[in-house]
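Trainee: my questions concern the predicted model and sequence given below.
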Amino acid sequence: MEINAMNPEDHIQHMLQAIIEQTQSIINDSRKQSFGSLEYFLGHILEYRDEQQYLTDEWHIRTPRWLGEYGNTPEEEELLSDIYRLQGYIAEKLKGG
């Protein structure tokens, strides 16, 4: 299925799955991970996806505070960028801006 043909909810699920896989990849490679709270984040993002919290008022993704600060690996920077992209998409498509 082409991504552009997806409805917003399917697109969000697709984006969430990519973030989950990216997080698991960083966690599983000890050379990539600079901090330990990605395990906590992974649990949160799985719950967020499974309970479809993006459809509620509790739609904000709680990212680790250190993510995006100086010293992150390129993989962590990419993960944060994907999270921001997803939050922007949710705000635009489901929350009306």
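Mentor: All right, it came through fine.
Trainee: pLDDT value on residue 33, please?
Mentor: Residue 33 is assigned 60 on the pLDDT scale.
Trainee: wait, residue 81
Mentor: 93.
Trainee: what residues sit buried inside the helix or strand hosting it?
Mentor: For residue 81, the host element (DSSP states H and E) is helix 74-93. Counting neighbours by 16 or more other C-beta atoms under 10 Å, one finds that the buried residues in helix 74-93 are 75, 76, 79, 80, 82, 83, 86, 87, 90. The way it works is simple: take the backbone N, C-alpha and C, and place the C-beta from them, glycine included.
Trainee: residue ranges with poor pLDDT in the protein?
Mentor: Within the chain, the segments meeting pLDDT under 70 span 1-4, 32-36, 95-97.
Trainee: kindly recompute the last result at 80.
Mentor: 1-6, 30-37, 57-60, 65-66, 68-72, 94-97 (pLDDT under 80).
Trainee: tell me where this structure has helices.
Mentor: Taking DSSP state H to define them, one finds helices in the chain at 8-28, 38-50, 74-93.
Trainee: make a markdown table from those and add distance to residue 67 to it.
Mentor: Shown next, in a markdown table, are the helices of the chain (distance: least, C-beta to C-beta, whole Å):
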| stretch | distance to residue 67 |
| --- | --- |
| helix 8-28 | 10 |
| helix 38-50 | 8 |
| helix 74-93 | 5 |
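Trainee: residue 64: which of the ones you listed is closest?
Mentor: Closest to residue 64 of these is helix 38-50 (C-beta to C-beta; 5.3 Å).
Trainee: tell me the angle of that closest one relative to helix 74-93?
Mentor: Helix 38-50 runs at 30 degrees relative to helix 74-93, counting by axes from the mean of the first three to the mean of the last three C-alpha atoms, to 10 degrees.
Trainee: what does stretch 86-97 contact?
Mentor: 8, 11, 12, 15, 16, 19, 54, 55, 59, 60, 61 (C-beta atoms under 8 Å, 6 or more residues apart in numbering).
Trainee: is it true that residue 80 touches residue 73?
Mentor: No: Residue 80 is beyond contact range of residue 73, at 10.7 Å (criterion: C-beta atoms under 8 Å).
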